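Chemist: Okay, sequence plus prediction incoming.
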Number of protein chains: 2
Amino acid sequence: MSYTYEYPRPSLTVDCVVFGLDDDDLKVLLIQRGVEPFEGRWALPGGFVKLDESLEAAARRELEEESGLRPGHLEQLFTFGEPDRDPRGRVITVAYFALVKLSAHALRAATDAREAAWFSVWDTPKLAFDHADILNTALQRLKGKVRYQPIGFELLPPKFTLTQLQRLYEVVLERELDKRNFRKKILAMDLLEELDEVEQDVSHRAARLYRFDHKKYRQLEKAGFNFEL
Amino acid sequence: MSYTYEYPRPSLTVDCVVFGLDDDDLKVLLIQRGVEPFEGRWALPGGFVKLDESLEAAARRELEEESGLRPGHLEQLFTFGEPDRDPRGRVITVAYFALVKLSAHALRAATDAREAAWFSVWDTPKLAFDHADILNTALQRLKGKVRYQPIGFELLPPKFTLTQLQRLYEVVLERELDKRNFRKKILAMDLLEELDEVEQDVSHRAARLYRFDHKKYRQLEKAGFNFEL
DNA sequence: CGGCATAGTGTCCGGAGCACACCCGAGTCA
DNA sequence: TGACTCGGGTGTGCTCCGGACACTATGCCG
């Protein structure tokens, strides 16, 4: 089967920058390429868009196929389309930006036997194509967005301690925060549900667990409330 | 000439949302379509991307061709790619967001005789394709961005009064601002050069003119300064 | 020269942000 | 069993910023 057009057309792909949080380290999901070009190199998960699926659906599908992950947050990041970004010809890629709860998902082996793995975002191998640019753009977006939208919670398990939450912000923003001020501020927003549970299996005083109240956030948001760390 | 591929490919276009400021009204540039589909309807300026030009170059080229405008600010907005957004088939469009100094540019007749005109963003005719969505997205972006990046100046003439600047923010943000607080804040940033000139041809006390100091802004920006209205 | 239209200017108050240090509770180990 | 260790958890005071607020100045016009 082949397809013929009057004018030349580019290929269209989606690529996903998937972030996960592992204790004090921010991770990104990479896939080892099994085919040329850049065979053997690590790259962002992604692939070609089918002509009858939306861009976002394509991103979800590719991510599921290559890693088994279903992100808690997914949004369009940026479209990269420099003429020479792919040696095979003109390939436009719509990059997506995703957050997953690393704790909840084991990586499934990719269907096509390529390897998927988590890397620290501060220490990735050399990436295929312009994926380093894409990763960088995604990091900037995460840094900017985490402060005025409560998307950070998508990186944590459903029940978390305030210290975990603070660490998350410290890792993403790359700076230390004052414990008391952080707690004061985040609790004042009244978006966290205080649970009657504490951490388990720690060799010191156990911390109280909290849960993010999505419903309340949506209500407040409608009423004009602005999340801001 | 025709082009044949092993897999089907989408068409790729760029569309530009160009904003201009006309006194107290925010305007958007629209083009009347001369061909099907949506012949006669108003639409955003845009067109097909050539395979050897970057996306941004395509946006600039189309804008120049269809209106003669060269925007002072141009950035990628979002990529729209729903499968059914164009009746001709799968067409992905990368939308750009541009600001021009309305005062400085006369609209040139479009090369292909279609008409170009400015419309109030609050009162546009029914638009072709999903261009209403795109316009909406651009408006949100403008609203959000104008507060933490000094891009608003691209809408004003090079020399402007503080009242003009304030009006700009009021129009974009859709709320009134306090004159004294506004002046205090904007002048405290030390980004405006106070000129030894005043408005001309006004039938009341003439206001002093200012100029935005791009060089100083870049310096401060490097030093970690954050513009914030 | 009086009227009008816009320019231009300073103070006060309350709330938010930030810096800062000590006791608590649970487990561990000698 | 008691002392130690390790993070958990808490309140105050100061400063600075943001927001409310109203009058005088200047230039044109009739």
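Modeler: Looks like it arrived, so ask away. Numbers count the residues shown, from 1 in each chain, chains lettered A, B, ... in the order given.
Chemist: would you say A:Leu30 is within a helix?
Modeler: No. Checked against DSSP: H, G, I helix; E, B strand; the rest coil, A:Leu30 lies outside a helix; its state is strand.
Chemist: Pull the distance from stretch A:93-106 to the chain's centre.
Modeler: 4 Å (C-alpha atoms, centre = their mean, to the nearest Å).
Chemist: Against which helices or strands is the lengthiest strand in chain A packed?
Modeler: Longest among the strand segments of chain A by residue count, using DSSP state E, is strand A:11-22. Contacts defined by 3 or more C-beta pairs under 8 Å, 6 or more residues apart in numbering or on different chains; DSSP states H and E place strand A:11-22 against strand A:25-32, strand A:46-48, helix A:55-67, strand A:91-99, helix A:131-145. For the C-beta atoms, the positions are set from N, CA and C on the backbone; glycine is no exception.
Chemist: Of these, flag the one that's most buried.
Modeler: Comparing the helices and strands packed on strand A:11-22 by mean neighbour count (mean count of other C-beta atoms under 10 Å in any protein chain shown), strand A:91-99 ranks first with a mean of 25.
Chemist: partners of the next helix or strand after it in the sheet?
Modeler: Next helix or strand after strand A:91-99 toward the C-terminus (DSSP states H and E): strand A:116-120. Partners of strand A:116-120 in the sheet, by DSSP bridges, are strand A:25-32 (antiparallel).
Chemist: picking that back up, relative to A:Leu195, which of the helices and strands packed on strand A:11-22 is closest?
Modeler: Set against A:Leu195 and scored by C-beta to C-beta, those come closest in strand A:91-99, at 22.2 Å.
Chemist: tell me the angle the closest one makes with helix B:55-67.
Modeler: Here strand A:91-99 runs at an angle of 110 degrees relative to helix B:55-67 (axes from the mean of the first three to the mean of the last three C-alpha atoms, to 10 degrees).
Chemist: packing partners for strand A:91-99?
Modeler: Judged by 3+ C-beta pairs under 8 Å, 6+ apart, the packing partners of strand A:91-99 are strand A:11-22, helix A:55-67, strand A:73-80, helix A:131-145, strand B:91-99.
Chemist: Outside of the fourth one itself, which residues are in contact with it?
Modeler: By C-beta atoms under 8 Å, 6 or more residues apart in numbering or on different chains, the residues outside helix A:131-145 that reach it are A:15, A:17, A:19, A:28, A:43-44, A:77-78, A:80, A:93, A:95, A:97, A:121, A:124, A:126-127, A:151, A:172-174.
Chemist: cool, the third one as well?
Modeler: Judged by C-beta under 8 Å, 6+ apart, the contacts made with strand A:73-80 from elsewhere in the structure are A:16-17, A:55-56, A:59-60, A:92-99, A:130, A:133-134, A:137-138, A:141, A:151, A:154, B:55, B:76, B:78-79, B:94.
Chemist: who touches the nearest residue to A:Lys159 once chain neighbours are set aside in this structure?
Modeler: The spatial neighbour of A:Lys159 that comes closest, neighbours along the chain excluded (C-beta to C-beta, 6 or more residues apart in numbering or on different chains), is A:Leu209 at 4.4 Å. Neighbouring residues of A:Leu209 by C-beta under 8 Å, 6+ apart: A:Lys159, A:Phe160, A:Thr161, A:Leu195, A:Glu197, A:Val198, A:Glu199.
Chemist: Now stretch A:213-229: buried residues?
Modeler: Across stretch A:213-229, burial judged by 16 or more other C-beta atoms under 10 Å in any protein chain shown covers A:Asp213, A:Tyr217, A:Leu220, A:Phe227.
Chemist: just checking, A:Leu102 touches A:Lys27?
Modeler: Yes. Using C-beta atoms under 8 Å, A:Leu102 is in contact with A:Lys27, at 6.6 Å.
Chemist: So the closest residue to A:Ser54 other than its chain neighbours versus DNA strand D, what's the distance?
Modeler: For A:Ser54, ignoring the flanking residues on the chain, the nearest one in space by C-beta to C-beta, 6+ apart is B:Glu82 at 5.5 Å. Between B:Glu82 and DNA strand D the distance is 38 Å, computed by C-beta to the nearest atom of the strand, to the nearest Å.
Chemist: tell me the SS of B:Glu82?
Modeler: Classified using three-state DSSP, B:Glu82 is coil.
Chemist: No more questions from me, cheers.
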